[in-house]
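S.K.: sharing a model prediction with you, sequence too.
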Amino acid sequence: MKIHNPFRVALVATLGVGVGLLLINSVQTLSTILLYVGTALFLSLGLDPVISWLERRKLRRWAAVLITILGVLGIFAGIILTIVPVIVSQVAQLVGQIEEIATDLEWDDVVRDARAWMEDTFPALNVDTAWGYIEDWWTSLDLGTISSDVGEGILGFVGAVVVGLGGAFIVLILTIYFTASTPALKAAVYQLVPASKRARFIDLAEQITRSVGYYVIGQASLGVINGVLSAIFLSIIGAPFPAVLAVVAFFFSLIPLVGTLTGSTIIVLTCLIPGLGSPTTALIAAIYYLIYMQVEAYVVSPRIMNRAVAIPGSVVVIAALAGGSLLGLLGALVAIPVAASILIIYRQVLIPRQNER
């Protein structure tokens, strides 16, 4: 029986734990960069079907890549140049209306109405005593500290926007690089697989990349459809800030399963804000989005997503929650294609192996 040196065993175990902790800390430190790389990779896979379609039209790879990238950049530039001025003007209008409401607000009238409401609603309540507590609470507030916190919050928001724009630029550069070098990257990965299993691996990898690509294109298409229809409909019914709300509809539609519902709820609640919308406008918007969500779920989404792998709803929810917990909103978006890839491997590798036993 071979006797192991206790010191050697303890040393190897300690080194193993240390290497594991080092890897975990490295992943946490590089989480933002890994998120950028993963997002750019999935976006490039989303552009790959378009490039393949252009290549089937007798275009060379570099020409197809160039046309696709220029087309995407042109579309986004057009959207920004069209929407940003409208958003800026409408946000300025919103700020102006808020200032007007605040200027016209008479504090004495507000106090009188509030006291009358308390007396009518709670007749057994000693309003003078309760109002005294409210006034004591108000005078105890440190308005200087509150203003400082608000200022720090605004600066933090501006900083987050700047960081987000920087991250978007990095993702754009990486997406262009990955899109241009996708065949070379695939070939390099395929060479790492033993020759006896390479054909099967290539087949699975191509299925996964095609499925992820169609998923990205499909989700973006759903967002564009919802955004455009929302802009048209909200302008017709006279909803407040239709361009801003259309952008909200577009971005929330990119979130699988619950995105359209969440964005629609925000839009309807915005239409209920006094001075901006009205209950009638909110009711019309609510009816429209209830109908739209049914049409999207049963007509539009199946037609657009028919070439992407079908994922059960429970898996979508679990993947989105896990990705969101780990890497935020982008993690939730990227987690769905990852779940689709795992599902393909499960169906075509694990199940056949189990059936052969």
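M.R.: Received the coordinates, thanks. All values derive from a computational prediction rather than experimental measurement.

S.K.: and the helices in the protein, which stretches?
M.R.: Taking DSSP state H to define them, one finds helices in the chain at 6-29, 31-56, 61-104, 107-121, 127-140, 143-180, 182-190, 195-236, 242-253, 259-271, 279-295, 301-304, 313-345, 351-356.

S.K.: now the longest one: mean pLDDT?
M.R.: Per-region confidence: helix 61-104 scores 73 on mean pLDDT.

S.K.: and if you look at stretch 116-127?
M.R.: Taken as a whole, stretch 116-127 has an average pLDDT of 68.

S.K.: and F251, what does it touch?
M.R.: Shown in contact with F251 (C-beta atoms under 8 Å, 6 or more residues apart in numbering): G223, G263. The way it works is simple: take the backbone N, C-alpha and C, and place the C-beta from them, glycine included.

S.K.: got phi/psi on L272?
M.R.: Reported as degrees, to the nearest 10, the phi and psi values for L272 are phi -90, psi -10.

S.K.: give me the nearest residue to it, chain neighbours excluded.
M.R.: Nearest residue to L272, sequence neighbours excluded (C-beta to C-beta, 6 or more residues apart in numbering): A282, at 4.5 Å.

S.K.: shouldn't the one you found be in contact with C271?
M.R.: Yes. Counting by C-beta atoms under 8 Å, A282 touches C271, with 3.9 Å between them.

S.K.: give me the more crowded residue out of those two.
M.R.: Legend: neighbour count by other C-beta atoms under 10 Å for A282 and C271, higher for C271 (25 against 19).

S.K.: I'd guessed that one sits against T281; true?
M.R.: Yes. Between C271 and T281 a contact is recorded at 4.7 Å, counting by C-beta under 8 Å.

S.K.: which residue, other than its chain neighbours, is closest to I208?
M.R.: S341 (4.6 Å).

S.K.: tell me the pLDDT of the one you found.
M.R.: Listed pLDDT for S341 reads 75.

S.K.: let me see the contact set for it.
M.R.: I208, S211, V212.

S.K.: any idea how far Y346 is from the first one?
M.R.: For I208, the distance to Y346 (C-beta to C-beta, to the nearest Å) stands at 12 Å.

S.K.: compare these two (neighbour count), which wins?
M.R.: The neighbour comparison of I208 against Y346 (other C-beta under 10 Å) goes to I208, with 21 against 10.

S.K.: run through the residues that contact the more buried one.
M.R.: For I208, the contacting residues are A340, S341, I344, I345, by C-beta under 8 Å, 6+ apart.

S.K.: with adjacent residues omitted, what lies nearest to F201?
M.R.: V193 (4.6 Å).

S.K.: phi and psi next, for that neighbour.
M.R.: The phi and psi torsions at V193 (degrees, to the nearest 10) take the values phi -90, psi 140.

S.K.: is it true that it touches L204?
M.R.: No. Judged on C-beta under 8 Å, V193 makes no contact with L204 at a distance of 10.3 Å.

S.K.: can you check which residues contact both of the two?
M.R.: By C-beta under 8 Å, 6+ apart, no residue touches both V193 and L204.

S.K.: which one of the contacts of S341 sits closest to P85?
M.R.: Relative to P85, the closest of those is V212; by C-beta to C-beta it sits at 34.9 Å.

S.K.: show me the contacts for I225.
M.R.: By C-beta under 8 Å, 6+ apart, the contact list for I225 reads S253, E296, V300.

S.K.: again, but for Y177
M.R.: Here Y177 is in contact with A40 (C-beta under 8 Å, 6+ apart).

S.K.: what's the answer for L234, then?
M.R.: Here L234 is in contact with P242, L245, A246, I267, A285 (criterion: C-beta under 8 Å, 6+ apart).

S.K.: let's go with 7 Å and repeat that
M.R.: By C-beta atoms under 7 Å, 6 or more residues apart in numbering, L234 lies in contact with P242, L245, A246.

S.K.: could you do L54 as well?
M.R.: A64, I67, T68.

S.K.: just the buried ones out of those, please.
M.R.: Those of those that meet the buried threshold are A64, T68, by 16 or more other C-beta atoms under 10 Å.

S.K.: tell me the one among the contacts of L54 nearest to P183.
M.R.: Closest to P183, out of all of the contacts of L54 and judged by C-beta to C-beta, is A64, at 11.4 Å.

S.K.: how about the nearest residue to the closest one, chain neighbours excluded?
M.R.: Once flanking residues are discounted, A64 sits nearest to L54: 3.7 Å by C-beta to C-beta, 6+ apart.

S.K.: now do A180
M.R.: Leaving aside its chain neighbours, A180 sits nearest to V65 (5.2 Å; criterion: C-beta to C-beta, 6+ apart).
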